[in-house]
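Asks: using only what follows, build the 3D model:
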Amino acid sequence: MTAGGYFGQALVVDAATGTSVAQPLTDEILRAYVGGSGLGTWLLHRLGTPGAGALDASAPLAFVFSPLVGTPLTTSAKFAVVAKSPLTGMLTDALASSQFAIAGKLTGHDAIVIRGRAPRLSVLLADGDGSRLLDARHLAGRTAAETDESLRDQLGRGWRVAAIGPAGERGVRYATISHDGRHAGRGGLGAVMGAKNLKAIAVRAAVKVTTADPRRVLAAARDLRERSFGPATAKYRELGTLANLLTFNAIATLPTRNFQAAEFEGADRLAGSAPDEAVEGMRRVARSSCASCTIGCEHIYRVGGGKKARVEYENVFALGPMCGVSDPGAVLTASARCDELGIDTISAGGTIAWAMECAQRGLIDAPWLSFGDPAALLRALDEIGTRDTPLGFLLGEGSRQASLTVGGGSASFAPHVKGLEMPGYEPRTLHAMALGLAVNARGADHNRSGAYEADLSGELDRLDGGDAHVAAAIETEDRAAIMDSLILCKFLRGVFTDPFREWAGLLAPVTGWDVSAGELHATARRIVLAKRVYNIREGWQPSDDWLPERLLNEPVVLPSGRVATLTADRLRAMIGAYYQKRGLDHQGFPRPGTAAGPGLD
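Replies: Take a look at the predicted model:
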């Protein structure tokens, strides 16, 4: 009998025909990998052809749900999109929240996996009747939001849509998949979907999912809801993540002009201080929540032309300080433009910042492309989205591949790990985070390694990385592996005082399993290792667990006068200690006897 919260099967679709088959998922597999990111990793191991390119027809694209989806637990309306990344050549797993998660799961499946390539631009439909294709050639070039609106008008009530924008159709390697204004953003999943000739996938609920103990689930949901209104989430409700901009700037942790500095003179202008007018010249017009969420972290501002844009730290960092742009209107217009094109703001900003420095050094013939120029930022985004100029095509490849094409030493300052552009955290002043970014399976990623929390906790010296930083990086990576598989929002992490025990307390009444904190901790380690094993299968090498040379050779001077340095020897020592604690050999490969988990070859 299948555990509560699950259907015990994945829908595996052939995009060439629109037909599908059911892939059984045993209780052993479900308990070992839970759902979301963990289960998606297992599906890639099982259904992906080793060594196949990320954009090959045979490459699987998995939309993966979790046992908590469809329950009243706050923030649980989430899903993971998992595939081999066209940006890194390794595993990527992007999480997103929307009604798509609930409708997708209630098709009667724990995951929907797509292989093959449609003969023409199409929409994949999935519901209780299985799967089928719908011609979508009339939607070519449309934004994801326009596609969503058009399809829901065409299909009728009950359908939920995840779509790609123009960038996904044109193969930009950091294109996104969007739904209800939210995005599965990192790693180029929109390009994978575009390579399958799919403009969108539309799902409609057909069944209900049962839980093992509905009363206990409801009680747990009430308790979690109350805690979600507490001080641990107040920052996100009242200020949003943009508050990080001023905080990070004050402690020299704000990457600026492609990591040439760690403080930005325009931070005050971008962030402001008044709660209702926190971005100069623009007024906050709404605060919003994701589906099934009680936190309400979204802060919406009006930008030019009557458009609206979400204000979040990462998009403001990447399109503002990273590119030297301090004009708040231009930064939010650029963020809205990324949404329209369907591209990841972090990779877009990082790649453009790299190109600005290349132009500054005379390595790229683009004299108009300069730090601090809002018009240059917007022009570069448009050229990336259309890929109709040599520069736009080059930048659509991401900073790693572009630096290999341009040469001239530009790879040393390309801001990526494993090909994924870096988020808004300065590794030279956050040593636990430096390790987390270097070893993470997805690449430079702040959501799979929240080690910056330890750096900023005041409990260790963030400029003197050592064993305590290694332990912190491992613990935050383990916690993220479970939160991303259950799936729960990271903004809830502060409400849990004994996380693995409390997460077991949420999973047990849903599934009926007698799950313990110790079992979930082992599950976390299994998922982290399974991701590494997948990457090794696809060509990972020890040199991939490293940071850009700039960060190891150019120190940062703090406002206090202290010099922040991250040396190659220090990073290498932390990586070695991490490998040892993870059961890996000195090069990062699993030692004999280190099991990756059930169902993996």
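Asks: any idea how far residue 584 is from residue 195?
Replies: Separation of residue 584 from residue 195 (Cβ to Cβ, to the nearest Å) stands at 33 Å. (Each C-beta comes from the backbone N, C-alpha and C, glycine too.)
Asks: those two: which is more packed in?
Replies: The neighbour comparison of residue 584 against residue 195 (other Cβ atoms under 10 Å) goes to residue 195, with 22 against 19.
Asks: I figured that one was touching residue 53, is that so?
Replies: No. Between residue 195 and residue 53 there is no contact under Cβ atoms under 8 Å: 9.0 Å.
Asks: between the two, which contacts overlap?
Replies: 59, 86 (Cβ atoms under 8 Å, 6 or more residues apart in numbering).
Asks: now do stretch 489-498: distance from first to last residue.
Replies: Taking Cα to Cα, to the nearest Å as the measure, stretch 489-498 stretches 16 Å from start to finish.
Asks: can you give me the neighbour number for residue 118?
Replies: If you count neighbours by other Cβ under 10 Å, residue 118 ends up with 23.
Asks: distance check, it against residue 147.
Replies: Counting by Cβ to Cβ - residue 118 and residue 147 are separated by 15 Å.
Asks: where do the helices sit along the stretch 151-300 of the chain?
Replies: Taking DSSP state H, counting those that start in this stretch to define them, one finds helices in the stretch 151-300 of the chain at 166-169, 189-195, 214-228, 234-238, 243-250, 267-271.
Asks: out of those, deepest packed?
Replies: helix 189-195 (a mean of 29; mean count of other Cβ atoms under 10 Å).
Asks: ok now it, how far from the chain's centre?
Replies: 15 Å (Cα atoms, centre = their mean, to the nearest Å).
Asks: cool, stretch 340-349 as well?
Replies: The answer for stretch 340-349 is 12 Å, by Cα atoms, centre = their mean.
Asks: what residues sit buried inside that stretch?
Replies: By neighbour count with 16 or more other Cβ atoms under 10 Å, stretch 340-349 contains the buried residues 340-349.
Asks: thought residue 562 was touching residue 463?
Replies: Yes. With contact defined as Cβ under 8 Å, residue 562 and residue 463 form a contacting pair (7.1 Å).
Asks: more neighbours: those two, which one.
Replies: Higher neighbour count among residue 562 and residue 463: residue 463, with 18 against 12, using other Cβ under 10 Å.
Asks: make sure that one is indeed in a strand.
Replies: No. Per DSSP: H, G, I helix; E, B strand; the rest coil, residue 463 lies outside any strand segment and is coil.
Asks: per-residue pLDDT of it, please?
Replies: Predicted confidence (pLDDT) for residue 463: 95.
Asks: can you pull out the strands in the stretch 351-500 of the chain?
Replies: 416-417, 420-421 (DSSP state E, counting those that start in this stretch).
Asks: pLDDT of the last one, averaged?
Replies: Read it as strand 420-421. The average pLDDT within strand 420-421 is 98.
Asks: in its sheet, what does it sit against?
Replies: Strand 420-421 has the following strand partners under DSSP bridges: strand 416-417 (antiparallel).
Asks: what's next to the strand it pairs with, contact-wise?
Replies: Strand 416-417 is contacted from outside by 350, 398-400, 422, 437-438, 440, 443-444, 544, 546-548, using Cβ under 8 Å, 6+ apart.
Asks: then stretch 512-520?
Replies: With contacts defined as Cβ under 8 Å, 6+ apart, stretch 512-520 is touched by 3-4, 31, 212-213, 482, 498, 500-501, 503-504, 507-508.
Asks: what residues sit buried inside it?
Replies: Quick answer for stretch 512-520 (16+ other Cβ under 10 Å): 512-513, 515, 520.
Asks: mind putting the residues you listed into TSV with pLDDT, secondary structure and distance to residue 258?
Replies: Formatted as TSV, the buried residues of stretch 512-520 follow (pLDDT from 0 to 100; DSSP: H, G, I helix; E, B strand; the rest coil; distance: Cβ to Cβ, whole Å):
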residue	pLDDT	secondary structure	distance to residue 258
512	97	coil	51
513	97	coil	48
515	97	coil	45
520	97	helix	39
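Asks: need these in TSV with distance to residue 265, can you?
Replies: Shown next, in TSV, are the buried residues of stretch 512-520 (distance: Cβ to Cβ, whole Å):
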residue	distance to residue 265
512	57
513	54
515	51
520	45
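Asks: among the contacts of stretch 512-520, who's most crowded?
Replies: residue 507 (28 neighbours).
Asks: angles on the backbone of it, please.
Replies: When read as degrees, to the nearest 10, the backbone of residue 507 gives phi -70, psi -40.
Asks: if I look at it, what pLDDT would I see?
Replies: For residue 507, pLDDT reads 97.
Asks: format the contacts of stretch 512-520 as TSV; extra columns: distance to residue 600.
Replies: Formatted as TSV, the contacts of stretch 512-520 follow (distance: Cβ to Cβ, whole Å):
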residue	distance to residue 600
3	21
4	25
31	15
212	27
213	31
482	19
498	30
500	23
501	27
503	23
504	24
507	22
508	25
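Asks: residue 142: which of the residues you listed is nearest?
Replies: Nearest to residue 142 among the contacts of stretch 512-520 is residue 482, at 37.5 Å by Cβ to Cβ.
Asks: and the closest one, what does it touch?
Replies: Applying Cβ under 8 Å, 6+ apart, the residues contacting residue 482 are 34, 499-500, 503, 520, 523-524, 527.
Asks: swap in residue 532?
Replies: 441, 540, 584, 588, 590.
Asks: please redo it, this time with the cut-off set to 7 Å
Replies: Counting by Cβ atoms under 7 Å, 6 or more residues apart in numbering, residue 532 makes contact with residue 441.
Asks: can you pull the pLDDT of it?
Replies: pLDDT for residue 532: 97.
Asks: next secondary structure element downstream of the host helix or strand of it?
Replies: For residue 532, the host element (DSSP states H and E) is helix 517-537. Reading on from helix 517-537 to the C-terminus, the next helix or strand found by DSSP H and E is helix 549-553.
Asks: neighbours of the nearest residue to residue 15 once chain neighbours are set aside, how many?
Replies: Counting by Cβ to Cβ, 6 or more residues apart in numbering, residue 116 is the residue found nearest to residue 15 once chain neighbours are left out, at 4.1 Å. Residue 116 has 19 neighbours, counted by other Cβ under 10 Å.
Asks: ok, residue 116 to residue 190 distance?
Replies: Residue 116 sits 18 Å away from residue 190, going by Cβ to Cβ.
Asks: ditto for residue 179
Replies: Residue 179 is 11 Å from residue 190, by Cβ to Cβ.
Asks: ok, residue 270 next?
Replies: 27 Å.
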